[in-house]
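[1] The sequence and its predicted three-dimensional model are supplied below.
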Amino acid sequence: MSTVENISATTPHLDRHERLSLTWGDPPGILGWFMTVNHKRVGKRFMITAFIFFLLGGLLAVLMRLQLSRPENHFLGPDKYNQIFTMHGSTMMFLFAVPMMFEALSVYFVPLMVGARNIAFPRLNAFSYYVYVFGGIMLWVAFVYNAGPDVGWFAYPPLSGPAFTPGKRADFWAQMITFTELSGLAVAVEVVVTVMKTRAPGMSLNRLPIFCWAEVITSLMVIFAMPAVMLSSTMLIMDRLIATHFFNPSEGGDALLYQHMFWFFGHPEVYIIFIPGTGIVSTIIAAFSRRKVFGYTALVLSTVATGFIGFGVWVHHMFATGLPQLSENFFTAASLMIVVPTGVQFFCWIATLWSGRLHFELPMQWIGGFFFVFLIGGLTGLMLAAVPLDWQVHDTYFVVAHFHYVLLGGAVFPLFGAFYYWFPKITGRMLGEALGKLHFWLFFIGFNLTFFPMHILGLRGMPRRIYTYPVEMHWGSVNALESIGAILMGLGVLAFIWNVFQSNRFGRIAGADPWGAGTLEWATTSPPPNYNFLDLPTVGGREPLWENAPDQPIVTGVREDMREVLVTRPMDAEPEHLTLYPSPTIWPFLTSLAVTGLFIGSIFTPWAVVWGAIPVAITLTGWFWPTKKETEEKKEIEVWENR
Amino acid sequence: MKRTISTAILLTAIALLCACEREKRQFREPTGSAVPGDTGVEQSPLHPGGSAPLKPGESESEANNGAGPFEFNAYAVAEGQKLYYSYNCGGCHFHGGGGIGPPLMDANWIYGSQPQNIHDTIIEGRPNGMPSFRGRIPDYQVWEIVAFVRSLSGQLPPTVAPARPDNMNVKKPEDLGPKENPQQR
Amino acid sequence: MNLFRHNSRVFGIAAILWLASCGGQQPQQTMFRPVGPMSARIEGLWWFIFAIAVAVFVIVWIFLAGAAARRRVHEQLPPELNPDPAREQRYLRRVMVATGITLVVLFAILGHTVVTSKYMNSLQSKNPVTIQVYGHQWWWEVQYPNDDASLWVTTANEIHVPVGVPIVLQTGSRDVIHSFWAPNIQGKRDLIPGHSSAIWFQVDKEGTYRGQCAEFCGHQHAHMAFYIIAESPEKFQAWLDQQRKPAPDPANATLAHGKDVFEKGTCMMCHTIRGTNAGSHVGPDLTHIGSRTSIAAATLPNNPGALAGWISDPQAIKPGVRMPPNPLTGPDLQALVAYLQSLK
């Protein structure tokens, strides 16, 4: 006889909603906040934290623009400026872009879009958030204490090495990498498993939403790329802390080794940021063109190709280092080749728009912005791919313009579109129209005012990463214009924040599917209950809400008094077996504390790796130690062959 | 929620005020003295009747606990290391092992191991070959070199002492080396 | 030059000059004023790709704007579940054609790039003028090697070259990664410690061309510039011969006092003036500083006022630079500046 509190037996008065809420709910209060393993709560935390880092990074950018608005300005000295631009790049790339585009969006939406009740490995999911936020806090606390890194977001040795950056500045940077890459790797594993093994029956791979395809491909890229940067940052810390010679040419090391390792990660990194953006674009275009996206197979294969080729272009960041001509031309060819799948995506999107009935709502406005901004960025990328031309524009403001156009165009514009699209689902209310339009135009105009003239500045000889410039170069007036643009962008973001706060309280109630879209996240209430779907759906097409039969079957036989989950086959989502997901637990939080202690300690002494491993081992043991409830539940549902 | 935010802001403000001593990048001399190397000679920190009043141009830390102004500043110690080699201290003292001049990484100090003593050695010169650098090296650079020299025998905390240089590996870097117990010879 | 390239070049130059004129006079340090074959070829590559980029942008936006205009409705219609197969086929063909055109254009860019690349590597010569350039934090060490050691020239931050002959810069770095970039003349090359890299170029027009460090190298990366002065071969040879001479002796008492200040104070700890007792290699060689057009790595003009200000407090102009403040008395400073200015 089981001692599990059999909810159905003891509380027969609960209806299914109440029973499922009880099963899938979190303990109350502050403890419950730390114990949650609910993907929507963790996903919201990722979104809010990443957005806060976006604001902090943006503030740093405003400071930079203030300093650069006049020649030989004394607003910031070189040391402060170097710290600020390093923190701006590191915050935006590691603490905002990847956590938002990849972690936040996939953690919240992928389980909903594949019809699951939670993400795979829920405890790991909670852990990945804590590790991320602790790494970000560590970096910013170091910055506040004047120990922020000042060597660029890429931290090339020998400048970032022990001889030229004394103190702990570069070590905090390198260890932040370890935190954020661990977090990213964890989420990548969860996303791949969620998509491959817990899809709704009937959702064969060729019916997987394109957004989920984008996030799966991004996950695979994360898994292959992150280790390279973890290695290179660890090697940097080792050079700085325990006198290894990885990057010391006098002892057989090489500064170029770091560049290769960093950019082997660094280029896939920008595609990790961009590919979820393409997923968002496909999703929003389909919803607002009122048709399934054109060229589904081509779009998916293009995304795969982009992800794949993205690993073969990293040397285009190193064209000026004096590598042999033949190898540089190979990377020119690869960098040009990667345009082809992106071009195919563009053509498919245009075909969707041409053959659809375009209903132009706020999310589409941002997709329009994407088409404008990202296209310019991609075209300047063609120029950078050509080696001799790169020799003139590399490390100038031309490159700064290029990557802001592709990063903001390819990620931030689709991201704001995604916010306007999915805010109703997350909160149950629509974002305001007027503030939304104000936000868009301020941001779009401000962005182009800030970054388009940078192309000109770079062509006129202004290098990057300079805290000031001489009067006689005549760069001053263009810089002043750009600084005004930055203020406009900031005002646009403020309008957005105001819109969010207002709409959260007083926005129009959205209902389950305000946009009439077709994917599964719209098949449940807004906001979704903590168990996601009252009836686990099956799907009959790529846009289930559009294509499901009126009598489309639902999944039955899954227990609702335990966290039981249906596992399906990877290719065609045939039901395979049932399994139990873990309940809320404090151990992921405690493990993240232990890991944080180990990581931060190892900035100061190598012995932290040894002594710090002990709390980590203890907390991991606690994590995996089966609770009584778990054991009883498993015994309850176990099926013996020869009973 | 509001309480949490305002507490966070308050704590951040406090934190900002105590910017970390280790990471300061000071590009000018901290002491009042502007003339190279002219702070007078201090033979011993002991005075009858208690500690001596501050001499002109002398900083609090020097007078009160004998620590040089850069004992806890990693940037200054790294600058001291660069200056040690630029000004050819290595020509006689090598990488601290000595040769023509006495070793600097051991426990024996002929003229005293305190920062003020080392400062005076550099400014005054000493018998048997140590040149006087008065007028040659600005005072704040002398203090930077003093801090580095003390790191050679492990007197500085490992987070402040220099790590490995980008040169050939000739000895353990100062932050990994042993801490010697200075003895007056 | 064909009409298309000419017109796009005119349009582009007009646009860029208009934006350039936001600041006033014609800019230096730009790839759009090539004075040698290398930078000229790069400019040609730029216009080629620029023209393609503009065309692509316009065409894509014609289609996007067309879609927005022709297919827009003002309410949320029910989704189209069964798209017309014939229409889908038509669109498929158009997508494939567009992809094909993309491939052709990309190959064209690749071809042009490879040809330009080969040209960039083809400037070889048996008898180039060889110059060695080493990056320091935050100045440029320039050497003119010679088999005869007595003819070896060391200077800083200013590179003289004869026009019309191939030049090769043998580069390296003495500390961190820097990047040598004179856009009027050639693309940039990173100076990486432990690596040496040869930059080949030729200057065909006399003049002074500014270049700047283009790889972040620390506090004063922003103020690490240099000048390339291209002159006729005769003038170049005259300059080289002058540089080979040791510093002239002081001609009067003031200059002698200035030399005294230099040798008896902090200056000789870091600087060399050949022909005096000052022989340190920590900072730039000052043997002929009087003849340079600028000081402090092309940050300040070379005149007595700027020089005096620089010597007194370099940290005010380039905070973080390796040179300490030198509080000298008025007469000492004036004599020192006069002496340095006399070192032509």
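    Yes, it's here.

[2] helix or strand right after the least confident helix or strand in chain B by mean pLDDT?
    Taking mean pLDDT, DSSP states H and E as the measure, helix B:60-65 is the helix or strand of chain B with the lowest mean score, a mean of 46. Where DSSP states H and E defines the elements, the next helix or strand beyond helix B:60-65 is helix B:74-86.

[3] give the contact list for the closest residue to A:Pro268 other than its chain neighbours.
    Spatial nearest neighbour of A:Pro268, chain neighbours left out: A:Ala225 (3.8 Å); criterion: C-beta to C-beta, 6 or more residues apart in numbering or on different chains. In short, each C-beta sits where N, CA and C put it, glycine included. Residues near A:Ala225 by C-beta atoms under 8 Å, 6 or more residues apart in numbering or on different chains: A:264-265, A:268-269, A:272, A:311.

[4] switch the cut-off to 7 Å
    Shown in contact with A:Ala225 (C-beta atoms under 7 Å, 6 or more residues apart in numbering or on different chains): A:265, A:268-269, A:272.

[5] how far out from the middle of the chain is whatever helix or strand C:Tyr339 lives in?
    Assigned by DSSP H and E, C:Tyr339 belongs to helix C:330-341. Relative to its chain's centre, helix C:330-341 lies at 32 Å (C-alpha atoms, centre = their mean, to the nearest Å).

[6] Likewise for stretch C:295-306?
    For stretch C:295-306 - counting by C-alpha atoms, centre = their mean - the centre lies 18 Å from the chain centre.

[7] what does chain C have sitting close to chain B?
    Residues of chain C lying close to chain B by C-beta under 7 Å from any C-beta of the partner chain are C:193, C:264-266, C:269-270, C:282, C:315, C:319-320, C:324-325, C:327.

[8] one step back: mind checking pLDDT for the residue nearest to A:Pro268?
    A:Ala225 carries a pLDDT score of 96 in this model.

[9] Give me the below-cutoff pLDDT ranges for chain B.
    B:1-19, B:29-67, B:185 (pLDDT under 70).

[10] For it, just list every one of the strands.
    Counting by DSSP state E, chain B has strands at residues B:108-109, B:183-184.

[11] Ranking those strands by mean neighbour count, which comes first?
    Neighbour counts (mean count of other C-beta atoms under 10 Å in any protein chain shown) averaged over each of the strands of chain B peak at strand B:108-109, with a mean of 17.

[12] Can you tell me which residues in chain A are near chain B?
    For chain A, the contact set with chain B under C-beta under 7 Å from any C-beta comprises A:79, A:144-147, A:158, A:161-163, A:166-169, A:240, A:243, A:245, A:248, A:250-251, A:604.

[13] do that again at 6 Å, thanks
    Contacts of chain A with chain B, taken as C-beta under 6 Å from any C-beta of the partner chain, map to A:79, A:144-147, A:158, A:162-163, A:166-167, A:240, A:243, A:248, A:250-251.

[14] Single out the residue in the stretch 251-400 of chain A that lies closest to chain B.
    With C-beta to the nearest C-beta, the shortest gap between the stretch 251-400 of chain A and chain B falls at A:Glu251, namely 5.4 Å.

[15] So for that residue, what's the nearest residue that isn't a sequence neighbour?
    In space, and not counting its chain neighbours, A:Glu251 is closest to A:His245: 3.8 Å by C-beta to C-beta, 6+ apart.

[16] Sticking with that neighbour, tell me its helix or strand.
    Applying DSSP H and E, one finds A:His245 in no helix or strand.

[17] so it touches A:Leu257, yeah?
    No: with contact defined as C-beta atoms under 6 Å, A:His245 and A:Leu257 do not form a contacting pair (10.8 Å).

[18] Of the two, which one has the most company?
    For the pair A:His245 and A:Leu257, the greater number of neighbours falls to A:His245 (18 against 14), based on other C-beta atoms under 10 Å in any protein chain shown.
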